[in-house]
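Undergrad: no sequence for this one, just the structure:
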């Protein structure tokens, strides 16, 4: 909320700079988000008092004014018609600068010397009004700077009012806070209302409230014979500073008093109230109603309506109706000041999706005790600004409720805060915010809460009041009494971390994608409808089509990131991501799984002057998988895959203990094309929860063998139909003395030749040639027994 | 036996040495198994007993001399040879080196890990909860009823009636308290979602939520714990302040600001000229929240706090656009 410093100063004495006050407010819970200095667009303009007006001897349309500029009396030639003797005016003396940099000079107008000029609001850059000279309020002092006297110079505090502090949505409300900080009481505006003795409100209108829960207080006041015009500068100035648009003397007053006292008001054109009666009731059936913004609203049961003799004239607390709206010709006004139950207002605004400055305040709860004062204040200002006669009395319905009482102990306060605030400080703080102390005892206080504090409902709320006004900075910082001991991370976290560290070490960059994707991604990956990954969870109100559903796997996001980077000049990419995938599950809550995805495309590096790099292939991505599983201590195997998005020749399912835990391989060209990727890309995705069950991270020492190892190489011709990977296991199975089997060469001429290097190692003694020879024979026999394998000579 | 001839032979061989190869050859021909000395020593047997001793001594002396000479030559020419090899091994050391492949963790997970490290060292353990959450856990249980004005503060993604994408990690608080009796000391890191997408908002982001519930947990303890966190995360001398605020699930509530790390407190765009940056929302757990999970709010108290990982990372690295975290641009990711 925008709070002009000069306006705020009307209610409390603030003997500090606005910036310092802002800091204090912030530290007491009303965060000042900014202070904006208002600087006039003119210089050297003072308040002048017109002390004489003569006709210009030579020009019919001009007059010569004698203007008191404080230190001297200046002759000013002027063409405006709205100036009278005694008026305070905006006087630009010689040398003054006006809007757009125009400098006022001494000049002769048709033979008469003019030592300055009287200015309109437009000439001063204050508004578009150029209908006459800017006439100032009487209390402005002649000779003083205009921008100081008319509050054009000001600092506006932009205060972020917490959602539960509706009581602070006014100058008076803020002033109350300022008062409690500065040790003062905020003053309500002082004015004295003069009413007509003949005309009485009760003779002109009747009032009935049918639902006291919805509307516990309703006040009607009336003014007659007004003439609506433009509000004076001071009022318009304040409205504008608060971000509101001035409209006319009646509407402006309702807005002004709302900003001043926090009470939303509504003015009806009295003559448009049919049957001369007002009835507050709940809508009992669906009705259409046109609000004054021209919108047709569908009203429903439970909405609070203000009705006249024939039907609704206002949607209570939210917006008036077109049918009773004030117009330029309105002469008699019925003014509503009321308290509506926040729950009802919230429900209606939420459903209709309309919000107004009034509903904003009603929703949070206003001060029911201020309803009468606000009505009086507004009718007084209307009278001042629009003339007319204020009718005597008012119509009022007020269903009174007892104030909330609460008992709070000192030990509760100091115990919760960790402080030793003395009892007298506590009572002092509570009294400063109008919390009444009914009874004091050894243990604590029995308090009553003023009606405007809708946010104080239990002792904890009182503790908050005490703590914020005592000052958070005065509360010590302590170590909790209960011992703090460092916590271990769970096996799951440790495993996830080990996997991430592996990827980092293996040259992969970690990605974070949004957990959303689109139906299109599922199609792009050729996933069939029966597939679990096609049962995605849709979002009711997605941010865009691209992010309309929750992802069921990570790979699409991975491809988007690859495409994004390729489009920006990168060619060689290694990415991984850990994240959740989401799946529908019948009627219940969707379920979630953690997945790991990694992808590589291009080659290790674009170039190195000494070596040549080859493009990534299946064995690069498989090697990463082997490394990852190695780190996690999980054994896995590959199986021919049926994943629709993988090249079946270069793809596989990942099995852990016979359970499918993911897939690996080259993505199909058409899949890549859907993401506009033209280079071959290898990818794998794992369900982490399945892997997690098999993770073995604990390391165990095994003695280093003391005996030398023996190395033997074997070469075989092997038919293409025989998968070579299986053979290494076969060889290893020959003897526990075989500690390592590697493939160090493979080439195809007429036949495919594969060379194995086998390492023999005993922990007990030095292996003899005979022993190794015997094992060598067994290996050769085992392998050549397989169809399609022969020993290469 | 002609010792003089042997002497001549030795002198000749030694004087003709020019390279390390010559040294090796001389070694073989003089001192080798079939070398000249072996031959002479063998021939001693053929001499008369009387002559044997004198000849043996003369040969031995000469052999020792030869060996020492050869060592000298070996050292000298070996050194020369090494220098030649080194000279020949010249390369241009200004050519680029070959870097091993090295990846990086995402700046958000690096930051999150750091945060978790600090809080686990302070005695908090890590708890997790679902991203797709019951509306009850996300709102009602946290004292945010359906028509509460605080719901205006967040824009929620809906999955279906009563099910939402969690808008904060606070529901984990409730889930933990529903299944565990005090004392509770947890942090809940995780992904959260809000319908927002602009320069300062992404529809998905990360939070760390903390909760400590026990007998006699005080507001001053909240100040203590969060001060320790801030000093560990941003440095010992980081100024910080606690400022009253409002959250439906805490009372009293506090916002934690740290001195602006960009301008050092003098005022800039990042801190909106206040010199302070807001980083943590916190407060004492609202009694209603305890009632909702069936804790006896007369017996125990607690504090809770929550912070955005993106925000902490932005401050830590000086990043000015939150969306950068989610473009996955390698030129961004490789900076951290």
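TA: The structure has been received and is ready for your questions. Keep in mind it's a predicted model, so treat the numbers as computed, not measured.
Undergrad: now the strands for the stretch 101-250 of chain B?
TA: Counting by DSSP state E, counting those that start in this stretch, the segments of the stretch 101-250 of chain B that form strands are B:125-126, B:132-134, B:158-160, B:163-165, B:184-193, B:204-214, B:240-247, B:250-259.
Undergrad: what's the burial count for the closest residue to chain A within the stretch 201-336 of chain B?
TA: Of all residues in the stretch 201-336 of chain B, the one sitting closest to chain A is residue B:220 (2.8 Å; C-beta to the nearest C-beta). No exception for glycine: its C-beta is placed from N, CA and C like everyone else's. Residues lying near residue B:220 (other C-beta atoms under 10 Å in any protein chain shown) number 19.
Undergrad: and what of residue A:498?
TA: Residue A:498, neighbours per other C-beta under 10 Å, totals 15.
Undergrad: equivalent analysis for residue B:85, please.
TA: Neighbour tally, residue B:85, other C-beta under 10 Å: 9.
Undergrad: go on, the one 10 residues further on?
TA: The criterion is other C-beta under 10 Å. On that basis, residue B:95 has 9 neighbouring residues.
Undergrad: who touches residue A:158 in this structure?
TA: The contact partners of residue A:158, taken as C-beta atoms under 8 Å, 6 or more residues apart in numbering or on different chains, are A:1-3, A:32-36.
Undergrad: related to what we said a few turns ago, for residue B:146, see how far away the residue nearest to the residue of the stretch 201-336 of chain B closest to chain A when sequence neighbours are not counted is.
TA: Leaving aside its chain neighbours, residue B:220 sits nearest to residue A:418 (2.8 Å; criterion: C-beta to C-beta, 6 or more residues apart in numbering or on different chains). Residue A:418 sits 35 Å away from residue B:146, going by C-beta to C-beta, to the nearest Å.
Undergrad: who has more neighbours, the two?
TA: residue A:418 (21 against 11).
Undergrad: hmm, the more buried one is touching residue B:252, no?
TA: No. Here residue A:418 lies out of contact with residue B:252, judged by C-beta atoms under 8 Å, at a distance of 11.8 Å.
Undergrad: any idea which residue of the stretch 501-650 of chain A lies closest to chain B?
TA: For the stretch 501-650 of chain A, C-beta to the nearest C-beta, closest residue to chain B: residue A:507, 2.9 Å.
Undergrad: for that residue, grab the count of nearby residues.
TA: 18.
Undergrad: how near is residue A:188 to chain B?
TA: According to C-beta to the nearest C-beta, to the nearest Å, residue A:188 stands 26 Å off from chain B.
Undergrad: could you list the low-pLDDT ranges of the stretch 151-300 of chain B?
TA: For the stretch 151-300 of chain B, applying pLDDT under 70 flags the ranges B:151-154.
Undergrad: what touches both of residue A:418 and residue B:252?
TA: Common neighbours of residue A:418 and residue B:252, counting by C-beta under 8 Å, 6+ apart, are residue B:219.
Undergrad: gap between residue B:158 and chain A?
TA: 4 Å.
Undergrad: could you measure from the residue nearest to that residue when sequence neighbours are not counted over to residue A:757?
TA: Leaving out its chain neighbours, the residue that sits closest to residue B:158 by C-beta to C-beta, 6+ apart is residue A:540, at 4.0 Å. Residue A:540 is 61 Å from residue A:757, where distance means C-beta to C-beta.
Undergrad: again with residue B:249
TA: For residue B:249, the distance to residue A:757 equals 65 Å [C-beta to C-beta].
Undergrad: higher neighbour count, those two?
TA: residue B:249 (24 against 14).
Undergrad: show me the contacts for the more buried one.
TA: Residues near residue B:249 by C-beta under 8 Å, 6+ apart: B:142-144, B:170, B:283, B:285-286, B:289, B:304.
Undergrad: which one of those is nearest to residue A:303?
TA: Closest to residue A:303 out of the contacts of residue B:249 is residue B:144 (24.0 Å), distances taken as C-beta to C-beta.
Undergrad: list the contacts of the residue nearest to that closest one when sequence neighbours are not counted.
TA: Among residues not flanking residue B:144 along the chain, residue B:248 sits closest, at 4.7 Å (C-beta to C-beta, 6+ apart). Residues in contact with residue B:248, defined by C-beta under 8 Å, 6+ apart, are A:164, B:142-144, B:148, B:150, B:286.
Undergrad: before we move on, the earlier item: which among the contacts of residue A:158 are in contact with chain B?
TA: Among these, the residues within reach of chain B (C-beta under 8 Å from any C-beta of the partner chain) are A:33-34.
Undergrad: what about the helices in the stretch 651-793 of chain A?
TA: A:669-674, A:688-692, A:724-732, A:769-784 (DSSP state H, counting those that start in this stretch).
Undergrad: the last one to helix A:724-732, inter-axis angle?
TA: Per axes from the mean of the first three to the mean of the last three C-alpha atoms, to 10 degrees, the angle that helix A:769-784 makes with helix A:724-732 is 150 degrees.
Undergrad: could you list the buried residues of helix A:769-784?
TA: Judged by neighbour count (16 or more other C-beta atoms under 10 Å in any protein chain shown), helix A:769-784 contains these buried residues: A:771-772, A:775-776, A:779, A:783.
Undergrad: contact partners of it?
TA: Against helix A:769-784 from outside (C-beta under 8 Å, 6+ apart): A:710, A:712, A:714, A:716, A:727, A:730-731, A:734-735, A:737-738, A:758, A:760, A:789-791.
Undergrad: how far out from the middle of the chain is that helix?
TA: 74 Å (C-alpha atoms, centre = their mean, to the nearest Å).
Undergrad: residue A:553 contacts residue A:596, doesn't it?
TA: No. Counting by C-beta under 8 Å, residue A:553 stays clear of residue A:596, with 10.9 Å between them.
Undergrad: any weak-confidence spans in the stretch 1-150 of chain B?
TA: For the stretch 1-150 of chain B, the stretches with pLDDT under 70 are B:149-150.
Undergrad: can you give me the helices for it?
TA: Going by DSSP H, counting those that start in this stretch, the stretch 1-150 of chain B shows helices at B:3-15, B:20-26, B:36-44, B:49-88, B:107-121, B:135-138.
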